[in-house]
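Asker: Build me a structure from this.
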Amino acid sequence: MSSVQSNFVVPLLTDMYQVTMAYAYWKADRHELPAVFDLFFRKNPFGGEFCIFTGLEDVLGFVEGYKFQEEHIDFLRNLMPDCEEGFFEYLRSIDCSQVELHAMKEGTLCFPKEPLIRVEGPLCVCQLLETTLLNLVNFPSLITTNATRMRLAAGPEPQLLEFGLRRAQGPDGGMSASRYSYMGGFDGTSNVLAGLVSNIPVKGTHAHSFVMSFSELSELQFTTVRHPSSGEEVEFVSLVLQKRALLRCCAQSNDGELAAFISYAQAFPSGFLALVDTYDSLLSGTPNYLAVGWALHEVGYQPRGIRLDSGDLAYLSTKVRELFKEADAVIGKDIFAAGKIIVSNDINEDVLHSLKSSENSIDVFAVGTNLVTCQKQPALGCVFKLVEVSGQPRIKLSQDLEKTVIPGRKQVYRVSGSRSEYPLVDIIQLASAEPPKPDVRIMCRHPFQEKKRAQITPCMVTPLLHCVWNARQGRVQRSHSFSSDESIAKVEVIREYISRQLQQMRPDHLRYLNPTPYKVSVDQTLYDFMHSLWMKEAPVHDLE
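Answerer: Numbering: from 1, shown residues only. Predicted coordinates for the structure are as follows:
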């Protein structure tokens, strides 16, 4: 399996106005006009100053297989009975063999107004691609950015696990969230299918219901555990009770919970990790874990740790670590010192920052709802705008300057200066213009604000848009150097690419509070051209 793409991703996964425009283009004999569209966003998500572009692999899969099926044609014919039959014959004939896509590499840090994907081809076909391409880019890019921000908030040391499948927006949302949160820096997922499809490490232990299903020790069906070396059955329950009697912290622990932990340890002796907050984390859950863990160690296994799912996570994790140390002191060995403390319970980016600044003993954060639903910002807001038709650049004007579209077929360059190891500015130029050259001074202009300008002498210039689809030459050019069947490598390569870019970006652009905006400029030629086209197209108001 090389993609998480849904069976719903077909040409009919589009807005109705795309089809009505397609008919109008066809009726006016404009459907074959060469056109250029840009896919971009206008504002960075989550109050930050960066975004991460993902979803390209699914875009390529959609474009590669783009074809209206007979059931699609029949449905549209019934939906649009006044349209001429020739239009439906036209839809039956089209594919993306005349389309060309130029895109940033999947996983690229990107910024407002920059084309993430440049789509070139017949006007009608490009228009029909709009909704689906936006759908395939918006959510993946948002999830990846959200996951990356949480990784930055947690820091490099703790593990981050995605536990959000049950709260995700349907099966497709759950699969996408698992895949793209892993790209963004998470270390694993609870989603078993995502593990199969994308080779993401799968993690999970048990829920409160498993603990609550036991009431007393007599409910245990057998009392032994298998020895790791000899394979013989070793009496286990009496050993656990013996260890519990030796631990001072176990005076008030719940017998039903202890029975559940024993049963789970019998099932998974080499991976025993317990959820300890069903009744009381400090008075019952952790003491019962210590008793079972000590007994397991004596048999020949190593207990793994505990999970907290409620309460003051910083305080409780510190107290649990103290109980671990106290138990090791009683035993005279470091059995629990390396045990993992995992926390969950509505964790978000703000909570991660708060916990990072507080005293805690947390090793692993399990994040669910706030990651997979992007509660802080549920949509990225990518748009798809016509910027050229029949070789003539087009501009969309708006009273809101930020909604004005930069016209023409463009390229984006990431530029570093001679005095900085970090990128300083992204420069948007017409694709036909000469790229910026190292050691040659260039004027950078804000697209819309005349007084915002700066000069830079580039040290390093990196083009960001690359041809990723050119069916006329019979090939799909991937955004990274791997073959189409290497689904595992794709995720890992993109994950590493994102990590490298974060290290190469100036830290103040990535920080949580008051991040510095990264500069996105146009060169002088595009600035002058855009403003002349602006003056040409904008009506002049009469004052009366």
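Asker: Backbone dihedrals for the one residue sitting closest to the centre of the chain, please?
Answerer: For the chain, the residue nearest the mean C-alpha position is residue 144 (2.0 Å; Cα atoms, centre = their mean). According to degrees, to the nearest 10, the main-chain angles of residue 144 amount to phi -60, psi -40.
Asker: cool, and residue 256?
Answerer: Recorded main-chain torsions at residue 256 are phi -60, psi -40, according to degrees, to the nearest 10.
Asker: Contacts only, for it.
Answerer: By Cβ atoms under 8 Å, 6 or more residues apart in numbering, the contact set of residue 256 is 211-212, 214-216. The C-beta positions use only the backbone N, C-alpha and C, and glycine is treated the same way.
Asker: same thing with residue 56?
Answerer: Listed by Cβ under 8 Å, 6+ apart, the contact partners of residue 56 are 103-106, 117, 137, 468, 479.
Asker: how near is residue 60 to residue 101?
Answerer: In this structure, residue 60 and residue 101 are separated by 8 Å, where distance is defined by Cβ to Cβ, to the nearest Å.
Asker: related to what we said a few turns ago, which residues touch the residue nearest to the centre of the chain?
Answerer: For residue 144, the contacting residues are 52, 54, 107, 180-181, 183-184, 498, taking Cβ under 8 Å, 6+ apart as the criterion.
Asker: go on, residue 128?
Answerer: 11, 14, 18-19, 22, 94.
Asker: any idea which of those is closest to residue 412?
Answerer: Proximity to residue 412 was ranked across the contacts of residue 128 by Cβ to Cβ; first place goes to residue 18, at 26.3 Å.
Asker: coming back round to it: just the pLDDT for the residue nearest to the centre of the chain.
Answerer: For residue 144, the pLDDT comes out at 98.
Asker: Which ones among the contacts of residue 256 map onto helices?
Answerer: Among the contacts of residue 256, the subset assigned to helices under DSSP state H consists of 211-212.
Asker: Tabulate the contacts of residue 256 (TSV), appending distance to residue 430.
Answerer: Below are the contacts of residue 256 laid out as TSV (distance: Cβ to Cβ, whole Å):
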residue	distance to residue 430
211	64
212	66
214	70
215	74
216	77
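Asker: out of the contacts of residue 256, who has the most neighbours?
Answerer: Within those, residue 211 tops the neighbour count with 26 neighbours, counted by other Cβ atoms under 10 Å.
Asker: low-confidence ranges in the stretch 401-544 of the chain?
Answerer: Along the stretch 401-544 of the chain, the model assigns pLDDT under 70 to residues 473-489.
Asker: At which residues are the strands of it located?
Answerer: Read by DSSP state E, counting those that start in this stretch, the stretch 401-544 of the chain holds these strands, from start to end of the chain: 410-417, 423-430, 442-445, 453-456, 458-463, 466-470, 475-476, 519-523.
Asker: One more: the stretch 151-300 of the chain?
Answerer: Going by DSSP E, counting those that start in this stretch, the stretch 151-300 of the chain shows strands at 159-162, 188-189, 224-226, 233-235, 273-275.
Asker: Tell me which of the ones you listed lies nearest to residue 377.
Answerer: Residue 377 lies closest, by Cβ to Cβ, to one member of the strands of the stretch 151-300 of the chain: strand 159-162, at 17.7 Å.
Asker: quick revisit: turn the strands of the stretch 151-300 of the chain into JSON lines, columns for mean neighbour count and mean pLDDT.
Answerer: Written out in JSON lines, the entries for the strands of the stretch 151-300 of the chain read as follows (neighbours: other Cβ atoms under 10 Å; pLDDT from 0 to 100):
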{"stretch": "strand 159-162", "mean neighbour count": "24", "mean pLDDT": "98"}
{"stretch": "strand 188-189", "mean neighbour count": "26", "mean pLDDT": "98"}
{"stretch": "strand 224-226", "mean neighbour count": "18", "mean pLDDT": "97"}
{"stretch": "strand 233-235", "mean neighbour count": "14", "mean pLDDT": "96"}
{"stretch": "strand 273-275", "mean neighbour count": "25", "mean pLDDT": "98"}
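Asker: would a markdown table of those with distance to residue 281 be doable?
Answerer: Compiled in a markdown table, these are given as follows (distance: least, Cβ to Cβ, whole Å):
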| stretch | distance to residue 281 |
| --- | --- |
| strand 159-162 | 19 |
| strand 188-189 | 23 |
| strand 224-226 | 25 |
| strand 233-235 | 29 |
| strand 273-275 | 10 |
